[in-house]
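A.B. asks: give me a 3D structure for the following:
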Amino acid sequence: VSVGALRLAPSVAVDDPRGPDIDWDLASPGVGYLRIGSFPEAIDDVLGWAMQEIGTQPALVLDLRSNPGGMLDAVDDTAGMFLPKGTLVVTGWRRVRWFGPQRFLASDAAGVRYTGKLIVLVDRSSESGAETLAAALQSYHRATVVGVRTAGKVMGVDLEEPLPDGGLLRVATLDMIAPDGVRLEGVGVKPDVVVVRTARDVARGVDPQLRAAIALAKQK
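C.D. replies: A predicted model of the protein is given here:
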């Protein structure tokens with residue numbers, strides 16, 4: 001019997017030796033801002049540090065844009081900051097259905113709980129674990145999702161085979177289903193509020209998606 005961590009299949013490598021790609025600050029008075037750029041292992045400590053500084057704000061913007069995904073344990077740890085421990089985050093079905101589903105549940109490993117207003121930012125580069133987290137928060141009406149439809153690249157990898165040349169073959173075998181029963185692969189997450197950020201916006205340093213998220217966060 002072998003025991004290993006299960007990852008969602010990202011389109012780029014997320015095993016960054018520098019640690020979790022996380023930034024946090026105040027987006028506006030009363031509105032915290034937490035950007036998670038990927039979901040590597042050992043994310044819970046950093047999440048705890050971030051929420052110690054911004055977790056007292058009445059509203060929070062969670063930015064999952066350009067997040068390629070990563071380890072499902074890290075997704076579960078993040079979900080546990082916003083959902084009760086043990087809440088279903090996503091269900092994985094293998095191609096051979098008689099193995100049964102694999103359920104992934106919110107964890108309290110980060111040791112923090114945020115109950116304020118939550119806005120989640122997504123875009124076409126939000127993939128894999130970022131999509132499962134956004135879908136779960138949307139399914140439970142825990143957050144308002146803002147941006148554009150996500151990538152729809154949400155197959156789980158639980159088979160890894162070392163190659164003779166030192167490479168590693170990863171085979172995606174898990175089909176991910178959101179808590180509301182929606183299959184995410186090829187579909188993605190449709191935002192509650194659609195806001196497009198164009199290439200011209202990026203070139204000018206303008207972020208209409210973040211601006212819309214802050215406005216929603218401040219609404220009574």
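
A.B. asks: which stretches of this protein form helices?
C.D. replies: Counting by DSSP state H, the chain has helices at residues 44-54, 72-79, 129-139, 199-204, 208-218.

A.B. asks: buried deepest among those helices, which one?
C.D. replies: helix 129-139 (a mean of 28; mean count of other C-beta atoms under 10 Å). For the C-beta atoms, the positions are set from N, CA and C on the backbone; glycine is no exception.

A.B. asks: looking at the residue lying farthest from the centre of the chain now. What's its pLDDT?
C.D. replies: The centre of the chain is farthest from one residue, Pro164, which by C-alpha atoms, centre = their mean lies 33.5 Å away. pLDDT recorded at Pro164 is 92.

A.B. asks: what's the neighbour count on the nearest residue to Leu121 once chain neighbours are set aside?
C.D. replies: Distance criterion C-beta to C-beta, 6 or more residues apart in numbering; nearest residue to Leu121, sequence neighbours excluded, is Asp63 at 4.5 Å. The number of residues packed near Asp63 is 27, by other C-beta atoms under 10 Å.

A.B. asks: who does Asp63 form a beta bridge with?
C.D. replies: Per DSSP bridges, the residues bridged to Asp63 are Arg35, Leu121.

A.B. asks: repeat for Met155
C.D. replies: Beta bridges link Met155 to Asp175, judged by DSSP bridges.

A.B. asks: isn't it up against Arg170?
C.D. replies: No: contact criterion C-beta atoms under 8 Å: Met155 and Arg170 do not qualify, at 10.1 Å.

A.B. asks: compare the two (neighbour count), which wins?
C.D. replies: The neighbour count for Met155 versus Arg170, taken as other C-beta under 10 Å, is higher for Met155 (17 against 14).

A.B. asks: show me the contacts for Met81.
C.D. replies: Each residue near Met81 by C-beta atoms under 8 Å, 6 or more residues apart in numbering is listed here: 47, 51, 110, 112-114.

A.B. asks: and it, how close does it get to Asp44?
C.D. replies: Separation of Met81 from Asp44 (C-beta to C-beta, to the nearest Å): 9 Å.

A.B. asks: okay, and the common contacts of the two?
C.D. replies: Residues touching both Met81 and Asp44 (C-beta under 8 Å, 6+ apart) are Ala110.

A.B. asks: so what pLDDT did the residue nearest in space to the middle of the chain get?
C.D. replies: Geometric centre of the chain, nearest residue: Ala130, 2.6 Å, by C-alpha atoms, centre = their mean. For Ala130, the pLDDT comes out at 96.

A.B. asks: what of Gly70?
C.D. replies: Here, the pLDDT recorded for Gly70 equals 87.

A.B. asks: was I right to think Ser28 contacts Ile214?
C.D. replies: Yes: using C-beta under 8 Å, Ser28 is in contact with Ile214, at 5.0 Å.
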